[in-house]
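[1] Okay, here's the prediction I keep looking at, along with the sequence it came from:
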Amino acid sequence: MTHQIDTVHWFSGLKHPRSAVANGGIYQWKDGRTNPDTLTAVFDYGPANDPGTGFQVAYSSRFHNSAGGTKELYYSNGGMIDMSTNKISSTGGMTESEAKAMGMHANLLPNLTLSEAAGGVATSANTGGDPTTYAHMRNWMQSVRDRKETNAPIEAAYSHSIALIMGNAAYRTGMKATFDEAKQEVMVGGKAFTL
């Protein structure tokens, strides 16, 4: 979920979810593991001071059946980005008739591939040994050697860590998890989450 949540933060400009709930369990692989083989987490995003706006992110993972393959879909009122096909489409976007009923304007994304939209950059989840992956790794190694900041700031890692811990806290406790900015702690049931 790390890269998917990074993408959410990158697209939205938000640092972390307002809240998270999760459910799942060890349904198939009863081999001593402590992490679920099946999990669904739902994250609420938006400005902390305006609960009437925002969006949800739903993440599901299952390790007992591969039906449907790996899917990564990003929806908006303009359409959808499908990472499994690397296509942007107007699928589900707001048409003129739907918009008119709400006093709004149609909002439909153009149909194109991600590589067209990104100017030829590799965009699939498994980019293998492409030049972009090599450049990413080269940047990281050079940053370590030179003791300089990487292209992706450390704040991005901190932000996705907050979301991951919130999802884990929600799964482990069965309660809604939030993040206390002042204390820099994930909270469940009014207390800081600890394992």
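    Cool, got the structure.

[2] who touches stretch 159-167?
    Contact with stretch 159-167 is made by 1-2, 5-6, 9, 15-17, 19-20, 22, 39, 41, 43, 59, 177-179, 186, 193, as judged by CB atoms under 8 Å, 6 or more residues apart in numbering. All C-beta spots, glycine's among them, are computed from the backbone N, C-alpha and C.

[3] Please tell me how far the residue lying closest to Asn77 once chain neighbours are set aside sits from Leu109.
    Counting by CB to CB, 6 or more residues apart in numbering, Met94 is the residue found nearest to Asn77 once chain neighbours are left out, at 4.8 Å. With distances taken as CB to CB, to the nearest Å, Met94 is found 10 Å from Leu109.

[4] and for those two, which residues touch both?
    Gly78.

[5] which SS state does Met187 fall under?
    Taken by DSSP: H, G, I helix; E, B strand; the rest coil, the conformation at Met187 corresponds to strand.

[6] That one against Phe193, yeah?
    Yes. With contacts counted by CB atoms under 8 Å, Met187 reaches Phe193, the gap being 6.7 Å.

[7] shared neighbours of these two, anything?
    Ala177.

[8] quick revisit: restricted to buried residues, select the contacts of stretch 159-167 in ChimeraX.
    Command for ChimeraX that selects the buried part of the contacts of stretch 159-167, burial taken from 16 or more other CB atoms under 10 Å:
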select :1,5,6,9,15,16,17,19,20,22,39,41,43,59,177,178,179,186,193
